[in-house]
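>>> Got a sequence here, can you build the structure:
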Amino acid sequence: MMRFKSILATGIAGLSISLAMPSCDSPKGEKELPVETTTKGNIKVSVDESLMPVIAQQLTVFDSSYPEGHIHPVYTSEQQCFADLFKDSARLIVVTRDFTKAEKDAFEKNDIRIRSLSIAKDAIAVIVHPGSVDSFMTIGQLKQILLGKFARQYTVVFENEKSSTVRYMLDSLIPGQKLSKQTFAINNNDSLIDYVSKNEHAIGFIGVTHVYDPESTVPEGSFKKQIQVVSLKDENDTTVNDFYQPYQAWIALKQYPLSRTMYFITRDTYNGLGSGLANFLTSQQGQLIFNKARLVPLRVPLNLRPAEIK
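Here you go, the predicted structure:
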């Protein structure tokens, strides 16, 4: 994860460090403040909980490469991520949208300098019970389900009422409208998968990295067997049989309709540990981790090879 800090905070930090430097006039035994570098220090970051699997992988590799760099992630809702960044309780956040003009204005009004960077393409998977007859859906049908107007009644399930998936569905699929009264938030992503796997009339919306089977040896990956991942078709697609699941290739080729971009947004303006993590995530090694997680890296070329997806 990457980060920088507000100009004001940087100035204060620099002053504190300079005051702690030993000099001819300093009392003996005075301790220096810890020095933060791109590979050393302690920072907190807030991460959209829908991205937890891949960001946890990134941090594991970073920590093993730089044992003096201690990054403490908090996996939470998208709304809370932005709140943490504004309050400076997190120096960097990882989310699935860029900051809005209103948010940027609020930061600037408080003399907080923020920067953002897109790093990978992610997607929202739509999951249903393994026995559901609705394994193929158009975006139009999905809108009807969200509004409670579909021919078959569904209980719509999200992991958190303040999550990025809720915001995405409201903004992208049913702007200006309200979700069905049969819409609920559950404790977390694991609970969401468990609930859908046991309820035939449930439909869930979840970050795609949560639905991949970690034990799969198939090159393109396979989804967890206890749930069914719905194949989707865009309303504007005039082809008859082209429905797509959220596999990496279909996200990269913009065929899967519920894709989104992952961003780092940071308030750091110096070369501290956050900047080191940022460099790592945009490096070939960090981008390879996104690739192996079957997301679409945006900072290195992605080579797509023909493969049969069953």
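>>> Flag the shaky bits of the protein, pLDDT-wise.
1-34, 237-240, 305-310 (pLDDT under 70).
>>> Let's see that with 50 instead.
The chain contains residues with pLDDT under 50 at 1-27, 30-31.
>>> Kindly state the domain boundaries assigned to it.
Using automatic domain parsing, the domain ranges for the chain come out as 7-14+33-121+260-297, 122-259.
>>> Pick out the residue closest to the middle of this structure.
residue 51 (3.7 Å; CA atoms, centre = their mean).
>>> Any chance of TSV for the domains of the chain, columns distance to residue 304?
From N, CA and C alone the C-beta is placed, and that goes for glycine too. Shown next, in TSV, are the domains of the chain (distance: least, CB to CB, whole Å):
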stretch	distance to residue 304
domain 7-14+33-121+260-297	10
domain 122-259	5
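>>> For residue 205, list the residues it contacts.
Neighbouring residues of residue 205 by CB atoms under 8 Å, 6 or more residues apart in numbering: 124, 125, 126, 127, 156, 157, 158, 165, 166, 169.
>>> before we move on, what about residue 74?
Contact analysis of residue 74 by CB under 8 Å, 6+ apart lists 44, 45, 46, 47, 84, 90.
>>> Hmm, the residue nearest to the centre of the chain is touching residue 96, no?
Yes. Counting by CB atoms under 8 Å, residue 96 is a contact partner of residue 51 at 7.1 Å.
>>> Please identify every residue contacting each of those two.
122, 262.
>>> So what touches the host helix or strand of residue 53?
Following DSSP states H and E, one finds residue 53 within helix 52-65. With contacts defined as CB under 8 Å, 6+ apart, helix 52-65 is touched by 1, 47, 69-71, 73, 75, 94, 120, 189, 207, 209-210, 212, 277, 280-281, 285-286, 289-290, 292-293, 295.
>>> now, which of these lie within strands?
Among the contacts of helix 52-65, the members found in strands (DSSP state E) are 47, 69, 70, 71, 73, 75, 94, 120, 207.
>>> how about the fourth one, what does it touch?
Residue 71 is in contact with 1, 43, 44, 45, 59, 62, 63, 273, 277, counting by CB under 8 Å, 6+ apart.
>>> repeat for the last one
For residue 207, the set of contacting residues under the criterion of CB under 8 Å, 6+ apart consists of 48, 50, 51, 52, 53, 122, 123, 124, 125, 165, 189.
>>> Of these - the most surrounded one?
residue 50 (29 neighbours; other CB atoms under 10 Å).
>>> re earlier: wait, which of the contacts of residue 205 is closest to residue 104?
Taking CB to CB as the measure, residue 104 lies nearest residue 166 of these, at 22.5 Å.
>>> pretty sure the closest one is in a helix, no?
Yes. If the criterion is DSSP: H, G, I helix; E, B strand; the rest coil, then residue 166 is within a helix.
>>> quick one, what contacts it?
By CB under 8 Å, 6+ apart, the contact set of residue 166 is 158, 160, 179, 185, 205.
>>> I am finished for the moment; much appreciated.
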